[in-house]
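**Student:** The following comprises the amino acid sequence and a computationally predicted model.
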Amino acid sequence: MILHLDLLRHGETELGGGLRGSLDDGLTDKGWAQMREAVAQQGPWDRLVSSPLQRCARFADELAVQSGLPIELDSNLQELHFGAWEGQSAAALMETDAQALGLFWADPYAFTPPEGEPVADFSARVLAAVARLHGRYAGERVLLISHGGVMRLLLAHARGLPREQLLNVEVTHGALFSLAVEPGGVLREVR
């Protein structure tokens, strides 16, 4: 059976852009509006799954109350931990660590930000979490509220992109995509 997995990225955050990673800042009013607009006229879902970081979880709580759906928080669906780069913008890193940033952008699997989480480890934890969701909820439609990196990873897999193109996948704040998760962890984008 297939798990129908809709992916929703959190909206704009209080501390702005850059590499948010495991930083736990909240949403701006615009961020709340982006997420509310994304799910309007969507669904219905059988359940909600969310990253526990507040920029995802607080909206998931609101939506769960409004829709009467069960909610599950899963720390394995948190953003990549960027280590020493957390909270910094690409522009700032271009001034302080341009060579390393270039290596990361060229192949994020081959270069890990200082003190950060290797993308291979991130990929393994996210894909294992999605496989567990399939095992528990195959046949259902689930809304996963998560982060740009998680969504880029899942969409890159679904699209069959080479690993070097992971960071080329465009996922804006409040973006909503749909995947079919098939047995064996096969991902397919649904348009």
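**Tutor:** Yep, it's here.

**Student:** Quick one: residues in contact with the one helix or strand Ile145 maps to.
**Tutor:** According to DSSP states H and E, Ile145 maps onto strand 141-146. Strand 141-146 has contacts (Cβ atoms under 8 Å, 6 or more residues apart in numbering) with 3-10, 35, 39, 43-51, 56-57, 59-60, 63, 77-79, 133, 150. Just so you know, the C-beta spots here come from the backbone N, C-alpha and C atoms, and that holds for glycine as well.

**Student:** Over to stretch 176-187?
**Tutor:** Contacts of stretch 176-187 (Cβ under 8 Å, 6+ apart): 1-9, 38-39, 42, 127, 130-131, 133-134, 138, 151, 154-155, 157-158, 171, 188-191.

**Student:** From the chain's centroid, how far away is it?
**Tutor:** Averaged C-alpha coordinates place stretch 176-187 at 14 Å from its chain's average position (Cα atoms, centre = their mean, to the nearest Å).

**Student:** helices and strands of the protein: which one bottoms out on pLDDT?
**Tutor:** When each helix and strand of the chain is scored by mean pLDDT, DSSP states H and E, helix 90-96 comes last, with a mean of 92.

**Student:** Give the next helix or strand downstream of that one.
**Tutor:** helix 98-106.

**Student:** was I right about Glu86 contacting Gly21?
**Tutor:** Yes. Shown here, Glu86 and Gly21 form a contact pair, counting by Cβ atoms under 8 Å, at 4.3 Å.

**Student:** This protein: strands as residue ranges?
**Tutor:** 3-9, 47-50, 71-73, 141-146, 176-182, 186-190 (DSSP state E).

**Student:** Sheet-wise, list the partners of the last one with their directions.
**Tutor:** If I follow you right, that is strand 186-190. Sheet neighbours of strand 186-190, with direction, are listed as strand 176-182 (antiparallel) (DSSP bridges).
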